[in-house]
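In: Here is the input, now give the coordinates:
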Amino acid sequence: MTTITKRIRVNESDVVSVVTMPNNPSSSLRAADKIGSCDDLITEIMLRLPEISLIRFKSVSKRWYSLISDPTFNQLFQKHNPNPPASGLYALVKNPQKQHHYFIPFDVENRSRALNLNLNFDPDDLGTTRVVHSCNGLTLCSRQFWNGKVFTIDDCYVCNPTINQFTMLPKHEIFNENYRCGMTLAFDPWKSPYYKIVSVRNIGKDDYSIGIYNSQTYSWKDSCRCTFAFRVSRPLNTTPGVYWNNAFHWLRQKYLIYFNLDEEVVRTIPTSFRCASSHNMFESRDHLLFVERDSSFSWKLKIHELKRDYSEWIVKYHVDLHQIGPSFPEALDYGLIRFRVLSVVLGEKEEDESFFVLSIGDAVVRFNLVAETFYKLPNFIAHTKLVSEFPHACQFIASLCSV
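Out: Okay, here's the model as predicted:
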């Protein structure tokens, strides 16, 4: 039997391995068939692939589609890929004709396909559906109308843009024009395949009613009411909370306010931050972070991290953005320096590359925290800009989870 000898250099140890293979096509095909028929082996290979590749492989065959769609495979995949970083943002942009959500990939050199966020849940929708919040691969959207006083919620949806799947939430009394309601999504696929949604209604001067939707029971329930002893300058229901440590977090004035989903209670912790706002608070790789500017006249920032026991904030990074200034003269406005932090993404390890993303005018910039380098991310279509009223650009994390 004729054989073929291949030499393979292993970079890590610089060792040359010699592999001898039979020069017999039919024998090679039989070996490939044996490998292809072993579900356990295929599963082990697929667990090491990115989500986008798995979505494409669903179309290879019915058998591969069944393997990848199996909830058991999804659970194994989550265990093999804990705390993935965000790979892009969904930001609301507008032009003179309309508003729409635009995908901004973080990696311009090695990016996956840009995922268009399809909000056409209802054919009768006239473009009033907006992204409210995102969490670990799922996105919460709501259809809102202006009743002359406040925006009222008509329909709410949870969708997974990776697999283009969505579900509509059942109606609840929170969909009431007498109250302005804010909603936030909680999803931790490494603990449970189910998600929860917390609704916050302002029912008095500083009084709030909180409700919880559970996808496991497909139902809403009233959770608790809370009253703050201090004046909340901006109601909690105007911005979504940041999900971390199985709790939702808001910053108001000099207080951190959080609602724990296990205990269903609201707690407050004083902070020393100036002009504390939830707009500058982010979660990345299971860390809660807050970006503090020295002043509106400064390019200097501090990135704080909250300890898991809520005992203190520690400074994780000192950032000086002076080198960005000459490239973006539009950031200067009568002495003020105008930019907005959209996201903070931590590397897997301390020595890995961590970065944050900010918008300056109609540009979106990625700034690497370790190397202190920056570059522009793909720009929007001409004559568009970020909607300033949209408080958060929602992070995108690829996910195979069903809704």
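In: Can you list the strands that the host helix or strand of S223 pairs with?
Out: Element membership for S223 (DSSP states H and E) is strand 219-227. Next to strand 219-227 in the sheet, as set by DSSP bridges, lie strand 207-214 (antiparallel).
In: Can you mark which positions in the partner strand are buried?
Out: Under the neighbour-count criterion of 16 or more other CB atoms under 10 Å, strand 207-214 has 208-213 buried. Any C-beta I mention is one placed from the backbone N, CA and C, and that applies to glycine too.
In: Could you identify the most distant pair in those?
Out: Spatially, the most separated pair among those is Y208 and Y213, at 16.6 Å (CB to CB).
In: picking up where we left off before, pipe the buried residues of strand 207-214 into TSV and attach pLDDT and distance to N368 per row.
Out: What follows is these, written out as TSV (pLDDT from 0 to 100; distance: CB to CB, whole Å):
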residue	pLDDT	distance to N368
Y208	82	39
S209	86	43
I210	90	39
G211	90	41
I212	93	39
Y213	94	38
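In: List the residues that contact F259.
Out: Residues near F259 by CB atoms under 8 Å, 6 or more residues apart in numbering: 198, 210, 241, 247-248, 265-266.
In: Sort those residues by pLDDT and name the bottom one.
Out: Scanning the contacts of F259 for pLDDT, the low point is G241. It has 87.
In: For that residue, list the residues it contacts.
Out: Contacts of G241 (CB under 8 Å, 6+ apart): 184, 198, 200, 248-250, 258-259, 278.
In: thinking again about what came up before, give me the contact list for the strand holding S223.
Out: By CB under 8 Å, 6+ apart, strand 219-227 touches 170, 172, 174, 198-199, 203-204, 206-214, 264-266.
In: try 7 Å
Out: 170, 172, 206-213, 264-266 (CB atoms under 7 Å, 6 or more residues apart in numbering).
In: Select, from those, the two members most distant in space.
Out: Distance extremes for the contacts of strand 219-227: the farthest pair is P170 and D206 at 29.6 Å, using CB to CB.
In: Those two - which one has more neighbours?
Out: It is D206, of P170 and D206, that has more neighbours when counted by other CB atoms under 10 Å, with 14 against 11.
In: circling back to that earlier point, looking at the contacts of G241, which are in strands?
Out: Applying DSSP state E to those, the entries found in strands are 184, 198, 200, 248-250, 258-259.
In: Out of those residues, which is nearest to T139?
Out: Nearest to T139 among these, with distances taken as CB to CB, is T184, at 12.1 Å.
In: ok, now which ones touch that closest one?
Out: Shown in contact with T184 (CB under 7 Å, 6+ apart): 133, 198, 240-241, 243, 248.
In: just checking, Y208 touches V198?
Out: No: look at Y208 against V198 with CB atoms under 7 Å: they stay out of range, at 11.0 Å.
In: For E353, see how far away Y243 is.
Out: To E353, Y243 is 24 Å away according to CB to CB, to the nearest Å.
In: Between the two, point out the one with more neighbours.
Out: Y243 (23 against 14).
In: list the contacts for that one?
Out: For Y243, the contact set (CB under 7 Å, 6+ apart) comprises 135, 184, 186, 283.
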